[in-house]
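# What follows is a protein structure lacking sequence information:
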């Protein structure tokens, strides 16, 4: 049984990769953002626990970094200053814009994770909520990465 779990997990994180950020959705799907240990590529994977349904981009090379934008907004000061740390990894694929989010708001110490999916042809938006209890890592780790486009909001 344990060996099966390892094999399934390897589909989301390959032996040459580091998992930057991951979570399970409220509906039991899994999201994982990984990078090659030598920074050769970055990759997004999403699907069931048993099967990756979307892997983006399809080619794992240095150009993969250019297909993503990391966006963030940070305001310190805790709850009394309405402090927050808003982080997004954005890419476009197949007529959809995907925004993976990893947000923290100091008031109430609330963390939210998930994926906003926007259909570009009609602006229809879907919010796929993640289960914070399953969150591993953080998108904040991309903030100082020299390979990805970083935009401060």
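Good, I have the coordinates. In this text the structure is predicted, and so the values were computed from the model without any measurement. Residues are numbered from 1 along each chain as shown.
# Now for the closest residue in space to residue 141 that isn't next to it in sequence, how many residues are close by?
Spatial nearest neighbour of residue 141, chain neighbours left out: residue 20 (5.4 Å); criterion: C-beta to C-beta, 6 or more residues apart in numbering. Where C-beta positions appear, they are placed from N, C-alpha and C, glycine not excepted. If you count neighbours by other C-beta atoms under 10 Å, residue 20 ends up with 23.
# any chance you could map the helices in this protein?
Remark: helices assigned in the chain by DSSP state H are 2-12.
# contacts for stretch 123-138?
With C-beta atoms under 8 Å, 6 or more residues apart in numbering as the contact definition, stretch 123-138 has outside contacts at 19-27, 29, 31, 33, 87, 102, 111-119.
# So which of those are in strands?
Among the contacts of stretch 123-138, the ones falling in strands (DSSP state E) are 19-25, 31, 33, 87, 102, 111-119.
# From those, keep the buried residues only.
Among those, those classed as buried by 16 or more other C-beta atoms under 10 Å are 19-25, 31, 33, 87, 102, 113-115, 118.
# what angle do the longest strand seen in the chain and strand 110-119 make?
Counting by DSSP E, the longest strand found in the chain is strand 125-137. Orientation of strand 125-137 against strand 110-119 (axes from the mean of the first three to the mean of the last three C-alpha atoms, to 10 degrees) gives an angle of 140 degrees.
# from here on, count from 51
Happy to do that; since the first residue is 51 now, the last one works out to strand 175-187.
# Give me the average confidence score over strand 175-187.
Throughout strand 175-187, pLDDT has a mean value of 97.
# show me where pLDDT drops low in the chain?
Applying pLDDT under 70 to the chain flags residues 51-60, 129-130.
# For the residue most central in space within it, give me its contacts.
Residue closest to the mean C-alpha point of the chain, counted by C-alpha atoms, centre = their mean, is residue 150 at 4.5 Å. By C-beta under 8 Å, 6+ apart, residue 150 lies in contact with 71, 81, 83, 94, 138-140, 164-165, 189.
# what's the answer for residue 79, then?
Applying C-beta under 8 Å, 6+ apart to residue 79 gives the contacts 96-98, 103, 178.
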